[in-house]
Structures are given as structure tokens and as C-alpha cells.
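J.: Sequence and predicted structure below; questions after.
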Amino acid sequence: MTFAPVSGFAILRMGATCPMLMIAIAGFLLAGCAVGPDFHRPPAPVIDGYTQDPLLAQAVAAGDRNPESQYLKPGLDIPAQWWTLFHSQALNSLIEQALRNNPDLKAAQAALRVAQENVRAQQGAYYPDISAGFSSDRQKTPTASLTTNAASGASIYSLHTPQVSVAYAPDIFGATRRAVESLQAQADYQRFELEAAYLTLTSNIVVSAIQEASLGMQISLTQDMIRLQTEQLDLIRRQYELGAIAESGVVAQEAALAQTQSLLPALEKALAQQRDLLAALVGRFSGEGVAEKFELSSLQLPQELPVSLPARLIEERPDILAAESQLHAASAQIGIAAANRLPDITLSADYGSTATAISRLFSSGTGFWSAAIGLTQPVFQGGTLLHRQRATEAAYEQAAAQYRSTVIAAFQNVADTLHAIQYDAAALQAATASERASARNLDIARGQMEAGAISYLSLLNAQQAYQQAQISLAQTRATRYADTAALFQALGGGWWNRGSDNPSESDRNTAN
């Protein structure tokens with residue numbers, strides 16, 4: 001797009017009749033391009049997968065379809081409310097409460113609004129500053145100066161002056177545009193920090209609920225073990241009193257019982273602290289607690305697990321997008337520093353009227369106006385501006401390295417969770433086989449006990465082994481649930497599918 005050249009004298013002639021018009025035309029003609037680099041999103045890593053094992057998906061999917069099987073689905077999108085895949089109404093209710101009341105989430109929402117308002121405030125620099133004023137002065141002029149006084153010739157008189165002033169700094173080299181760009185990038189950073197806070201909150205609640213369910217089952221099974229070991233100790237003591245066994249057998253059983261009993265306080269403490277954590281995540285004091293309680297039997301393991309393509313991960317992880325926004329802001333700061341080394345032009349104009357009586361304002365001969373243009377070029381500042389620009393360039397390199405570090409850590413996070421799910425499947429298979437074998441052994445022991453082939457002590461040993469296998473199975477199953485939740489978190493949590501429920505869209509669209 002080109003424009004016919006207009007001389008500065010032509011602008012001043014137009015401004016003689018309308019200084020406001022001069023400001024607008026001059027500002028339009030002086031606006032140029034923004035100096036500094038134009039930001040471009042870093043390209044996605046050119047990799048085919050998250051791990052070096054191309055058979056990872058098949059390894060996780062091994063086994064027939066049953067409630068304990070999981071299947072990776074590359075490219076499958078993540079639902080916004082991914083926690084609903086666990087099919088727990090109590091979990092859904094708790095997360096809804098947390099999204100309404102969690103103070104960290106509210107703080108992140110407020111930080112986003114602060115950043116957005118700062119962008120709107122900086123955008124005001126695109127426009128002229130227009131101010132209107134009115135002054136009314138009462139004056140006394142020395143008698144010897146009456147010839148220079150108002151037309152009335154009085155030595156005491158009033159002057160009334162309404163005036164409109166306009167000042168404008170054309171964004172010739174893009175300093176204002178780069179400043180807006182930098183602030184917008186910072187607002188984007190706060191938006192993705194909010195998404196990260198949302199994802200962290202929901203993930204922590206899911207994992208905490210799973211942990212509570214696991215601890216509850218471990219406590220119940222440990223109590224059963226204590227009961228069985230107590231019965232076993234009573235039996236051994238009777239045998240010792242009858243002289244059937246040595247005292248060392250009693251001592252050994254007492255030690256085994258004491259060791260099992262020592263496990264219970266630690267589990268109960270962990271459960272109480274987990275309840276306190278859930279209350280805090282929901283935005284309540286520990287004394288208030290939460291009504292929802294969780295059991296592993298009330299949770300359903302999601303069978304189909306989405307796995308985002310590597311090229312999509314950089315667009316879906318809030319921490320990567322936040323790091324990209326910081327890189328963008330650093331890029332814009334280079335343009336600001338470069339523009340500060342170039343000439344700065346300011347335009348100003350005043351228009352008004354002055355009279356000794358309000359009724360005469362704006363009458364013939366009372367008006368006045370002025371128009372001015374100023375140019376400032378930094379000449380020597382001891383290298384300050386040069387080194388500030390070099391500092392912004394170094395800050396950009398720092399942000400670029402931090403961005404790459406964030407991307408690498410994100411891909412590692414996904415790989416770790418995929419490996420965890422893979423080995424969770426193997427661990428669960430082994431724990432299930434152990435639990436089933438222990439159950440069969442217990443059934444056989446019961447049959448032998450009824451037939452008189454073994455002693456009651458042997459039956460108690462079989463029951464204890466079965467209880468321990470159940471505890472191990474509960475821990476393994478809880479780990480698999482938690483690692484499944486970790487996978488949804490590692491892949492970004494589906495925040496892009498929330499639409500109008502997106503917390504980052506709760507900004508207040510107010511502007512002056």
C-alpha cells in the first residue's frame with residue numbers, strides 16, 4: 001500500500017484551521033513498521049514416538065478385554081472432564097466443589113485478569129491523549145498597565161479559559177506495538193498458568209481420592225491380618241502351655257504380630273493426612289473436612305487411553321505453551337529496546353477561548369490555538385541503550401533454552417507415564433496371579449482342616465498369606481489408577497475441549 005507524499009508545510013496549513021486534524025493526519029503518515037524480530041512459534045520436535053520401544057502400545061494392550069485391561073489409542077482426543085472416565089459420582093462432585101472454591105485457582109484467574117487489563121491499558125497508547133480543562137482567574141493589573149488590560153479597561157477583572165489539549169506520540173518504529181505484543185504474550189502466559197493450575201488441581205484430587213481408597217483398603221486388610229495373627233498367637237500359647245512347642249515359637253509369633261500392628265498407625269496417619277489434603281484442595285479447612293469417601297471398588301479403570309501425537313503435544317501441554325509465551329514476550333522486548341534507540345516524535349495541539357465574561361466565550365476574537373511537533377534522538381547515554389538491547393537479546397536466548405528444556409521435560413513426563421502404565425499392567429497381572437494362588441491355597445487348607453489333615457495353625461498361615469496378597473493387589477491396583485490419571489495430566493488434560501467452561505475465558509471485558 002502506498003500514499004501520495006504530503007509535505008510538513010501542507011500539514012501545518014491544514015492544522016491552522018483544525019489542529020486536531022493535523023494530529024490525526026501526521027500520526028497516520030508517521031506510523032511505520034515495528035523494528036525487532038517478528039515472533040514465530042518454534043517447530044514441533046521431529047520424532048515418531050515418546051519412547052524407544054515401538055511395541056509399547058501392544059505391550060500395554062496385552063491380554064483379553066476385561067475390566068483390568070487398558071488399550072492405548074494414538075491420536076485419540078482427551079475429554080475436557082477426563083476424570084469422569086473413572087465413573088465415580090463422588091469424585092465428580094468433589095472436583096466441581098474444588099473448581100468453585102479452590103483459592104489457588106481463583107488467584108490464577110485474578111492474575112490472568114490483571115495481565116489482560118495491562119494489555120488494554122497499553123493499547124491506549126495507540127490513540128492521542130485528549131484532555132479538556134477550564135480555568136477561571138480573578139486578577140488585578142497595576143494602573144500603569146491598564147492599556148494592556150482587557151477591553152473594559154478595569155484594573156480588576158476575570159479571565160475564563162476553556163481549552164482542549166491533544167498530545168500524540170506516533171508509533172513510528174513500533175515501540176508501542178512491541179510493548180502491547182509483550183504484554184499480550186504475558187497475558188497468554190498467565191492464561192496457560194491458569195490452565196496448568198486447573199490441570200494440577202483436578203489431577204491432585206483424582207490421585208488423592210485413589211490414594212484414600214487404597215489406604216482404606218490396606219487398613220481394613222491389615223486389621224484382618226492383626227485379628228488372624230492374634231488368633232494364631234493364642235493357639236501357639238496354648239500349645240506352649242501343653243508343652244507341644246518351644247517358647248521360641250511364641251516369641252516369634254509375638255514379634256510377627258507386633259510388626260503387623262506397627263503398620264496400622266502409619267496407614268491411619270496417611271489416611272487422615274489424605275483427608276486433610278482433599279479438604280484443602282476443595283478450599284476448606286481441615287476441621288470442615290469433606291463428605292465424600294472413596295473405595296477402589298467404586299472406581300472404574302478407563303480402558304481406552306488417548307495418546308496425543310508428539311507434534312500435537314506442544315500445542316496441548318499448558319507448561320509448554322506458557323514457556324512459548326515467555327519466549328514471545330522476550331522477542332517483543334528486543335523490538336522495544338531497538339525502538340528506544342531511534343528518534344521519538346511527539347505531536348501536540350491546543351484549542352480554546354479566553355474572555356473576561358463567560359457570555360463572550362467563543363465569540364469573535366477570543367479563540368486561540370497552537371500546534372507543535374517535537375523530535376528527540378538519543379545521542380549519547382554511555383552505551384546504556386545499546387547494552388539494554390543486548391540484554392534483551394540474551395534474555396531471548398535464555399527463554400529459548402528454557403522453552404526447549406520444558407519441551408524435553410514434557411516428553412520425558414509422557415514417556416515415564418507410558419512406561420509406568422506398561423509395567424503396572426505386568427505388576428497387576430503378577431499380583432492378581434499371587435492373590436488367586438493364595439485364595440486357592442486357602443481353600444485347600446480349609447478342606448484339609450475339615451478333614452483333619454492339617455492343624456489350625458497351618459490354616460491361619462494360609463489366611464495370613466492370602467491377606468498379604470490382597471494388600472499387595474490393592475496397592476498395585478491403586479498405583480495403576482494413579483498412573484492412569486498421571487497420563488491424562490501428562491498429555492494436557494483436554495483443556496482445549498472445555499469451550500465456554502474454560503476458566504481462562506472468565507475475564508472481565510471492561511474497558512475505559
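T.: That came through, no problem.

J.: if I look at Q475, how far off is S88?
T.: 19 Å (Cβ to Cβ, to the nearest Å). No exception for glycine: its C-beta is placed from N, CA and C like everyone else's.

J.: what about those two, which has more around it?
T.: S88 (22 against 16; other Cβ atoms under 10 Å).

J.: Do I have it right that the more buried one meets E295?
T.: No. The criterion here is Cβ atoms under 8 Å, and S88 misses it with E295 at 9.5 Å.

J.: For the closest residue to A197 other than its chain neighbours, which residues are in contact?
T.: Spatial nearest neighbour of A197, chain neighbours left out: A108 (4.3 Å); criterion: Cβ to Cβ, 6 or more residues apart in numbering. The contact partners of A108, taken as Cβ atoms under 8 Å, 6 or more residues apart in numbering, are Q190, E193, L194, A197, Y198, P503.

J.: how about a cut-off of 6 Å?
T.: A108 sits next to E193, L194, A197 when contact means Cβ atoms under 6 Å, 6 or more residues apart in numbering.

J.: what's the nearest residue to the second one if we skip its chain neighbours?
T.: Read that as L194. A108 (4.2 Å).

J.: Let me know the next secondary structure element after the helix or strand containing that neighbour.
T.: Element membership of A108 [criterion: DSSP states H and E] is helix 103-123. Sequence-wise, the next helix or strand downstream of helix 103-123 (DSSP H and E) is strand 129-140.

J.: who does that next one pair up with?
T.: Taking DSSP bridges as the criterion, strand 129-140 pairs within the sheet with strand 156-168 (antiparallel).

J.: What mean pLDDT does the helix or strand hosting Y198 get?
T.: Per DSSP H and E, Y198 falls inside helix 175-241. On average, the pLDDT along helix 175-241 is 94.

J.: so the helix or strand that that helix is followed by versus helix 175-241, what angle?
T.: Using DSSP H and E, the next helix or strand after helix 175-241 towards the C-terminus is helix 247-282. Angle of helix 247-282 versus helix 175-241, following axes from the mean of the first three to the mean of the last three Cα atoms, to 10 degrees, is 160 degrees.

J.: And helix 247-282, what's buried?
T.: Buried positions in helix 247-282, judged by neighbour count with 16 or more other Cβ atoms under 10 Å: 250, 253, 257, 260, 267, 270-271, 274-282.

J.: And for stretch 79-89?
T.: Q81, W82, W83, L85, F86, S88.

J.: Convert the C-alpha atoms of that stretch to CSV, please.
T.: C-alpha atoms of stretch 79-89 as CSV (Å, rounded to 0.1, in the frame of the first residue of the first chain):
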residue,chain,number,x,y,z
PRO,A,79,-12.2,-35.2,27.0
ALA,A,80,-12.3,-32.0,29.0
GLN,A,81,-13.6,-33.7,32.1
TRP,A,82,-11.4,-36.7,31.8
TRP,A,83,-11.9,-37.7,35.4
THR,A,84,-15.4,-38.8,34.6
LEU,A,85,-13.9,-41.8,32.9
PHE,A,86,-13.4,-43.3,36.4
HIS,A,87,-17.2,-43.3,36.8
SER,A,88,-17.3,-42.0,40.4
GLN,A,89,-20.0,-39.6,41.2
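
J.: so how far is it from its chain's centroid?
T.: Centre-to-centre, stretch 79-89 and its host chain are 20 Å apart (Cα atoms, centre = their mean, to the nearest Å).

J.: Mind listing residues that contact it?
T.: Against stretch 79-89 from outside (Cβ under 6 Å, 6+ apart): N92, I95, V206, S298, L299, Q300, P302, F488, G494, N497, R498.

J.: who wins for neighbours among those residues?
T.: V206 (25 neighbours).

J.: Do I have it right that it meets L487?
T.: No. V206 is not in contact with L487 according to Cβ atoms under 6 Å; the separation is 11.4 Å.

J.: can you map out the helices along the stretch 301-450 of the chain?
T.: 310-316, 318-339, 384-451 (DSSP state H, counting those that start in this stretch).

J.: elements contacting the last one?
T.: Contact partners of helix 384-451 among helices and strands, from 3 or more Cβ pairs under 6 Å, 6 or more residues apart in numbering; DSSP states H and E: helix 56-60, helix 318-339, helix 456-490.

J.: which one of these lies closest to Q139?
T.: helix 318-339 (45.5 Å; Cβ to Cβ).

J.: angle of that closest one against helix 175-241?
T.: Using the same axes, to 10 degrees: helix 318-339 against helix 175-241 is 150 degrees.

J.: What is helix 318-339 packed up against?
T.: helix 175-241, helix 384-451.

J.: Just to check, S155 is in contact with Q139?
T.: No. Using Cβ under 6 Å, S155 is not in contact with Q139; the gap is 9.1 Å.

J.: Contacts made by stretch 339-356 with the rest, please.
T.: For stretch 339-356, contacts defined as Cβ under 6 Å, 6+ apart pick out 19, 23, 26, 35, 150, 157-170, 173-175, 361-362, 366-377, 385.

J.: Out of those, which end up buried?
T.: 19, 23, 26, 35, 150, 157, 160-163, 165-166, 168-170, 173-175, 361, 366, 369, 371, 373, 385.

J.: related to what we said a few turns ago, could you dump the helices of the stretch 301-450 of the chain into JSON lines and include mean pLDDT?
T.: Formatted as JSON lines, the helices of the stretch 301-450 of the chain follow (pLDDT from 0 to 100):
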{"stretch": "helix 310-316", "mean pLDDT": "92"}
{"stretch": "helix 318-339", "mean pLDDT": "96"}
{"stretch": "helix 384-451", "mean pLDDT": "93"}
